[in-house]
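Student: no FASTA, just this:
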DNA sequence: GTCTATACGTAGATAGAC
DNA sequence: GTCTATCTACGTATAGAC
């Protein structure tokens, strides 16, 4: 993949976190990159094509984070929380999770993007469930709860809290993270 | 307030849940109501004016739900969860919480709407914290946790899970609600 | 209150020159 | 690859008739 192409994907990913997929325009990207709209269209003919590429970029980030944490030299019970921290670390200042942003626009998106977003959503939960299983079997996590239900609650609370953070400020989010950590011990 | 005005507000509220504030247009509303765009502009000159009215509508719904639950003849420890059920009950099929939708578009909205959204976000948490306090003091809720942190986690998880529900289906959401109920006993 | 008509900006997209 | 130019569609918004 060419440099420019990657550059466009990264910028689009940033814009999605800031204002959502439908809300950013090729003109936004063009101005920020110092080129014209037509040039962006050369790399991604339709906006949906760019959307797919961003989804794949997010998927790679997700897989990267999962592998990093899975192989990290820390105790198994610390991994679920470490995974969430890792995922949150790469967000833009005041940005929400890009997967959340895509879910919000879901109903207006082309079918191909909807399918990608489904995959992404499911994959993130699956990764987290896997880390929870390890924490229970190989680590010291004590819980009798359905791990899938626990996973979706903890991930959903992170996503939701990121949206509150944008509106109510940083402190809410860090409080919530502390709270969440408590549920993983 | 005239019938038509109320009708427009209700429809806008529905559209916000379905596709977000920025994503619905006066034309959408006009077509669904069988009038012209100009007629909607007569009732709400700017889209931001309609946005404010919808925020006030949401605020009334929130206060109504709070009062209903606060005065309900059920045990204090059941009230926090009842509040969440009450709030979720009025959502459109596959709709997300309108407050979440407004938070998602936050960065593009006029200042007056941003302020309203801040108030709404804070108010919902405050209501829930109050019900949690009662559940602890007058009810059987056993917890040593910071109630504000607990509130934001439970509310954020509900909001986040509604977005997942849209993409991954109903079952995730009901599982999450069960999980959440477990944290309130 | 609701209509027709219209202004004006911006969005996504394409054609063809360099 | 990037540009200029242009198209079409749609968004918010307004003027003025009924």
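Tutor: Thanks, I have the structure now. Treat the numbers as computed from the prediction; the structure is a model and nothing was measured.
Student: what kind of secondary structure is residue A:24 in?
Tutor: For residue A:24, the secondary structure call by DSSP: H, G, I helix; E, B strand; the rest coil comes out as coil.
Student: How about the contacts made by the closest residue to it other than its chain neighbours?
Tutor: Counting by Cβ to Cβ, 6 or more residues apart in numbering or on different chains, residue A:24 lies nearest to residue A:15, which is 3.7 Å off, once chain neighbours are set aside. The way it works is simple: take the backbone N, C-alpha and C, and place the C-beta from them, glycine included. With contacts defined as Cβ atoms under 8 Å, 6 or more residues apart in numbering or on different chains, residue A:15 is in contact with A:23, A:24, A:28, A:29.
Student: These: which two are farthest apart?
Tutor: Among the contacts of residue A:15, the pair separated by the greatest distance (Cβ to Cβ) is A:23 and A:29, at 12.4 Å.
Student: Tell me which of these two has more neighbours.
Tutor: Comparing residue A:23 with residue A:29 by neighbour count (other Cβ atoms under 10 Å in any protein chain shown), the higher total belongs to residue A:29, at 22 against 19.
Student: What strand or helix carries the more buried one?
Tutor: helix A:26-33 (DSSP states H and E).
Student: and that helix, how far from the chain's centre?
Tutor: 23 Å (Cα atoms, centre = their mean, to the nearest Å).
Student: which outside residues touch it?
Tutor: Applying Cβ under 8 Å, 6+ apart, the external contacts of helix A:26-33 come out as A:4, A:7, A:8, A:11, A:12, A:15, A:36, A:37, A:39, A:40, A:41, A:47.
Student: Could you see whether DNA strand C lies near it?
Tutor: Yes. Contact of helix A:26-33 with DNA strand C (Cβ under 7 Å from any atom of the strand) involves A:26, A:27, A:28.
Student: Please identify the buried residues of the helix or strand just after that helix?
Tutor: Sequence-wise, the next helix or strand downstream of helix A:26-33 (DSSP H and E) is helix A:37-43. Within helix A:37-43, the residues scored as buried using 16 or more other Cβ atoms under 10 Å in any protein chain shown are A:40, A:43.
Student: list the helices and strands helix A:37-43 packs on?
Tutor: Here helix A:37-43 touches helix A:3-19, helix A:26-33, going by 3 or more Cβ pairs under 8 Å, 6 or more residues apart in numbering or on different chains; DSSP states H and E.
Student: I'd like those helices as JSON lines, with mean pLDDT appended.
Tutor: JSON lines is the format used below for the helices and strands packed on helix A:37-43 (pLDDT from 0 to 100):
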{"stretch": "helix A:3-19", "mean pLDDT": "98"}
{"stretch": "helix A:26-33", "mean pLDDT": "98"}
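Student: Quick check: which of those has the most neighbours on average?
Tutor: Highest mean neighbour count of those: helix A:3-19, a mean of 18 (counted as mean count of other Cβ atoms under 10 Å in any protein chain shown).
Student: Please compute how far it lies from its chain's middle.
Tutor: Worked out by Cα atoms, centre = their mean, helix A:3-19 lies 14 Å from the chain centre.
Student: Now do that helix against helix A:26-33, angle only.
Tutor: 120 degrees (axes from the mean of the first three to the mean of the last three Cα atoms, to 10 degrees).
Student: is any part of helix A:3-19 close to DNA strand C?
Tutor: No. Helix A:3-19 lies out of reach of DNA strand C by Cβ under 7 Å from any atom of the strand, never closer than 10.2 Å.
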